[in-house]
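1. Based on what follows, work out the 3D shape:
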Amino acid sequence: MRLPSFCYLFLIIFIFPLFLTADEKIKLITDDGCVIYGYENIVSTSTPIFLEFHGLGSSSIEWKKFNEFLKKNLINYVAIDFRGHGESIKCGKREINSYKELSQNDILSFTKDIDSLYNYIRKKFNNDLIIPIGASIGANSAMKYFYKKSKKIVLMSPGINYGGFEISEYIKKTKAEILFTVSEKDIYSLNSVRVFLNICAGEKKRCDLILSLSGHGVEIFATQDGYHYIQKIIEWIKK
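-> Next comes the predicted model:
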C-alpha cells in the first residue's frame, strides 16, 4: 500500500531526526587496560562538546536529565562510567563489580579513564570546543586532568579533597575560566567553593558561581529550578 505524501513528510520531519540524535554507545581502553563504557551524542564537530564525569558510586546515567536538555538544544555531549562504575567493570583480568572494591590507587586512576575519553574526542573536536563538566569527585578529577588543557571547566559541587584529588593548586595554576555550582546546604562543598573563589580573586581569574538551594552535584537538576540551572550553565559556556 502506497502511503500518502504527507506521511512521508511526517517521517522526514519527525522520525528521521530521532535517529540522528540517538545516543551511541562507546567503548574505550585505558593505558592500564581498563575497559571504559559510555555514550555520546554528537550533532556537529564545529560546536562545543561537554565531557561529563559522574560522582563516586554513580554512573554516566546521572547526566540523563542534563542531556535531555542538551539534546533538545542540539548540543554535543559524551559521558563515561569510571572504572568500577556502571558498565566499566573490567580492568585487565580483574573485574570490579562495585565502587566499594576500589582502592585509593583505583580512584586516583580515574584520570586514566578521562585520558582515554579525551584522546578519543580530540580526534574529532578542536581542543577549544572541549568543555569538561564533573560532579563531586568527577569535578575534582576533571580539574586535575584538564587544568592545562581546557579554556572552560564546569565544576559541580567540588571539594578541597575528594578521594585524594586535592585541587586548590590546579585552580591556582589554570588559565581556564571556571564555573562552580554548589548548594547552600552542601556545607563541605560550599566551604570548599568559597576557598576556590578566594583563590580566583587573588589570582585575578574569571570564576563564576551558580548557587542552588539544595542538592549535591547533578542533584540540583532534580530540584524545582533544575532546568533554570541547566540553562544558566549553557548560557555560561556560550559567553
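
2. neighbours of the closest residue to Lys90 other than its chain neighbours, just the number please.
-> Using CB to CB, 6 or more residues apart in numbering and skipping residues adjacent in sequence, the residue nearest Lys90 is Val35, 4.4 Å away. For the C-beta atoms, the positions are set from N, CA and C on the backbone; glycine is no exception. Number of residues near Val35 (other CB atoms under 10 Å) recorded here: 17.

3. does Val35 sit in a helix, a strand or a coil?
-> Secondary structure assignment for Val35 (DSSP: H, G, I helix; E, B strand; the rest coil): strand.

4. Report the beta-bridge partner residues of the residue nearest the centre of the chain.
-> The residue lying closest to the centre of the chain (CA atoms, centre = their mean) is Glu52, at 1.7 Å. Beta bridges link Glu52 to Ala79, Ile133 when assigned by DSSP bridges.

5. Where do the strands of the chain begin and end?
-> 24-29, 35-41, 49-53, 76-80, 90-91, 94-95, 130-135, 152-156, 161-162, 165-166, 177-183, 207-212 (DSSP state E).

6. Turn the ones you listed into CSV, including distance to Asn67.
-> Output for the strands of the chain, formatted as CSV (distance: least, CB to CB, whole Å):
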stretch, distance to Asn67
strand 24-29, 13
strand 35-41, 7
strand 49-53, 8
strand 76-80, 5
strand 90-91, 25
strand 94-95, 28
strand 130-135, 11
strand 152-156, 14
strand 161-162, 23
strand 165-166, 24
strand 177-183, 16
strand 207-212, 18
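
7. Those strands: which one's closest to Glu62?
-> Among the strands of the chain, strand 130-135 comes nearest to Glu62, with 7.0 Å by CB to CB.
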